[in-house]
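Asker: My questions are about this predicted structure, shown below with the sequence.
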Amino acid sequence: MLNRRHFCRASVIAGGAFALAGGPLAHAAALLRAGQPLTEVASLDWLCNAVALTSDGRLFVGLPRWPGFEKTPSIAQVLPDGSLKPFPGGQWNNWAPGKPGAQALVKVNTIHIFDDDTLWAIDQGEDAGPQGINPAQKILQFDTHTGKLLRSISLPPSVLPAGANLNDLRLDAEHAYVTDSGLGAIIVVNLRTGASVRRLADHPSTKMLPERRPIGEDGQVLLMPDGSDHQVHSDPIEISPDGQWLYYQALSGPLWRVPTAGLRDTQLTEKALGEQVQFVYDTGPLTGTGIDSAGNLYLAEYDKPRVTVLSPDGTLRVVVEDPRLWNPDALFISRQRELYIPVPQSARMAANRGPGGVNGLQLPFKIYKVQLPPALGSREAVPALVGAPLPG
């Protein structure tokens, strides 16, 4: 059963912000309506779909091994001169088919840095196809100063069955929450004990609806090489600032939320947990999200060259819209309240344009940032993690 309480329905004006009467949101709306300057941060030869910054401003990038970019270092630090330094270095960045994957970055899908300045990465492992279990699929945590591996978490087949693909993660003080975009589910890992559980695997909120096709730039549908729609199930994920709610959606929407306490409660049946799921907003396709300390959700839209912000009162406003922003991906808010926006141009990849797809990528790849208006929130705090690092 779905709880379809429409507590976040609103209008949006594509060219600016939704007008509000008085108060801090009105001030934010005025600033957004005026337009936020878009600043280029980096220009890369490798496709980049995720960025993350440390407290001292060191910029790290996620460089996935997508078709045409198989020799990427996977993760790198962007140095002040714009060059890339592979991270963490050595064999981690030099994987190739046929090589062992346990101590290597095989197919990194996202990276994130939380308040302890450690870098977390989702490695989808070596593609085994929809009926297989990907070798070397894992969750990794590194020390950003030394490159030392702090955790490597592999999940059992009961939690990560054949066809599952780890996608994105968020943390609280004791748990990692991960979306499975291959089959559709939310995975919860207890970082104190190492125990993991698979939730909402049979719930429609974690599934991409066939009637909601992922349509992007110029009406181009995200297609597999065989011509079928690219099925991306539960994908973007965020936790509310109070830690009480987990927000998520399939690529093509809509947006849902579920209590984190319910996800963690292994005594709660799947049916009972499903009854706690709430509809949030009828979003379009999203390739990335972010959330700030005030609970504003930032939405990287797939079908428009823009980032919007959905506020807790249900107001949806445009943060930035620019033709350079087609297919923005995983967003990141810095301690200076700047929103970082990587643009991998995923819809322009030949592999995503069906049979005979033509490559439309425009190199180099760019990373941009915009300064958030003062009335919006700052970086969301993440409590320090508990427990000792887990063995691999």
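Answerer: That came through fine. Numbers count the residues shown, from 1 in each chain.
Asker: what about the helices in the stretch 1-150 of the chain?
Answerer: Secondary structure of the stretch 1-150 of the chain (DSSP state H, counting those that start in this stretch): helices at 23-34.
Asker: give me the low-pLDDT residue ranges for it?
Answerer: Along the stretch 1-150 of the chain, the model assigns pLDDT under 70 to residues 1-35.
Asker: which residues in it form strands?
Answerer: 39-44, 50-53, 59-62, 75-78, 84-86, 108-113, 118-123, 138-143, 149-153 (DSSP state E, counting those that start in this stretch).
Asker: now these in JSON lines, with distance to Ala381 and mean neighbour count?
Answerer: Placement of C-beta: from N, CA and C, glycine included. Listed next are these as JSON lines, based on distance: least, CB to CB, whole Å; neighbours: other CB atoms under 10 Å:
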{"stretch": "strand 39-44", "distance to Ala381": "23", "mean neighbour count": "15"}
{"stretch": "strand 50-53", "distance to Ala381": "15", "mean neighbour count": "25"}
{"stretch": "strand 59-62", "distance to Ala381": "20", "mean neighbour count": "25"}
{"stretch": "strand 75-78", "distance to Ala381": "24", "mean neighbour count": "22"}
{"stretch": "strand 84-86", "distance to Ala381": "28", "mean neighbour count": "17"}
{"stretch": "strand 108-113", "distance to Ala381": "13", "mean neighbour count": "23"}
{"stretch": "strand 118-123", "distance to Ala381": "15", "mean neighbour count": "23"}
{"stretch": "strand 138-143", "distance to Ala381": "18", "mean neighbour count": "21"}
{"stretch": "strand 149-153", "distance to Ala381": "20", "mean neighbour count": "18"}
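Asker: hey, where'd the helices end up in the stretch 201-350 of the chain?
Answerer: 260-264, 270-274.
Asker: returning to what we had before: how about the strands of the stretch 1-150 of the chain in JSON lines, adding distance to Pro374?
Answerer: Shown next, in JSON lines, are these (distance: least, CB to CB, whole Å):
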{"stretch": "strand 39-44", "distance to Pro374": "17"}
{"stretch": "strand 50-53", "distance to Pro374": "20"}
{"stretch": "strand 59-62", "distance to Pro374": "24"}
{"stretch": "strand 75-78", "distance to Pro374": "27"}
{"stretch": "strand 84-86", "distance to Pro374": "33"}
{"stretch": "strand 108-113", "distance to Pro374": "24"}
{"stretch": "strand 118-123", "distance to Pro374": "29"}
{"stretch": "strand 138-143", "distance to Pro374": "33"}
{"stretch": "strand 149-153", "distance to Pro374": "35"}
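Asker: To His230, which of those strands lies closest?
Answerer: Relative to His230, the nearest member of the strands of the stretch 1-150 of the chain by CB to CB is strand 108-113, separated by 14.4 Å.
Asker: Which strands and helices lie in contact with the closest one?
Answerer: Other elements packing on strand 108-113 under the criterion 3 or more CB pairs under 8 Å, 6 or more residues apart in numbering; DSSP states H and E are strand 50-53, strand 59-62, strand 118-123, strand 166-171.
Asker: cutoff 6 Å now
Answerer: For strand 108-113, the elements it packs on are strand 50-53, strand 59-62, strand 118-123, judged by 3 or more CB pairs under 6 Å, 6 or more residues apart in numbering; DSSP states H and E.
Asker: so which of these gets nearest Ser83?
Answerer: strand 59-62 (11.9 Å).
Asker: Touching the closest one from outside, list them.
Answerer: Strand 59-62 is contacted from outside by Cys48, Asn49, Ala50, Val51, Ala52, Leu53, Ala76, Gln77, Val78, Val108, Thr110, Ile111, using CB atoms under 6 Å, 6 or more residues apart in numbering.
Asker: Partner strands of that strand and their direction?
Answerer: strand 50-53 (antiparallel), strand 75-78 (antiparallel) (DSSP bridges).
Asker: Can I get the first one in CSV, CA atoms only?
Answerer: Translated: strand 50-53. Output of strand 50-53 as CSV, limited to C-alpha atoms (Å, rounded to 0.1, in the frame of the first residue of the first chain):
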residue,chain,number,x,y,z
ALA,A,50,30.2,12.8,-9.0
VAL,A,51,32.2,15.3,-7.0
ALA,A,52,33.1,15.7,-3.3
LEU,A,53,35.1,18.2,-1.2
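Asker: Do you know the pLDDT at the closest residue to Val232 other than its chain neighbours?
Answerer: Leaving out its chain neighbours, the residue that sits closest to Val232 by CB to CB, 6 or more residues apart in numbering is Leu251, at 3.7 Å. pLDDT for Leu251: 95.
Asker: thought Leu251 was touching Gly216?
Answerer: No: under the criterion of CB atoms under 6 Å, Leu251 makes no contact with Gly216, lying 10.2 Å away.
Asker: tell me, what's touching the two both at once?
Answerer: Residues touching both Leu251 and Gly216 (CB under 6 Å, 6+ apart): there are none.
Asker: what residues are up against the residue nearest to Val232?
Answerer: Going by CB under 6 Å, 6+ apart, Leu251 touches Pro214, Val232, Asp235, Pro285.
Asker: what's the answer for Val78, then?
Answerer: Going by CB under 6 Å, 6+ apart, Val78 touches Ala42, Leu59, Val61.
Asker: try it again with 8 Å
Answerer: Ala42, Leu44, Leu59, Phe60, Val61, Leu84 (CB atoms under 8 Å, 6 or more residues apart in numbering).
Asker: Could you provide those residues in TSV, with additional columns for distance to Leu200?
Answerer: Formatted as TSV, the contacts of Val78 follow (distance: CB to CB, whole Å):
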residue	distance to Leu200
Ala42	36
Leu44	35
Leu59	34
Phe60	30
Val61	31
Leu84	37
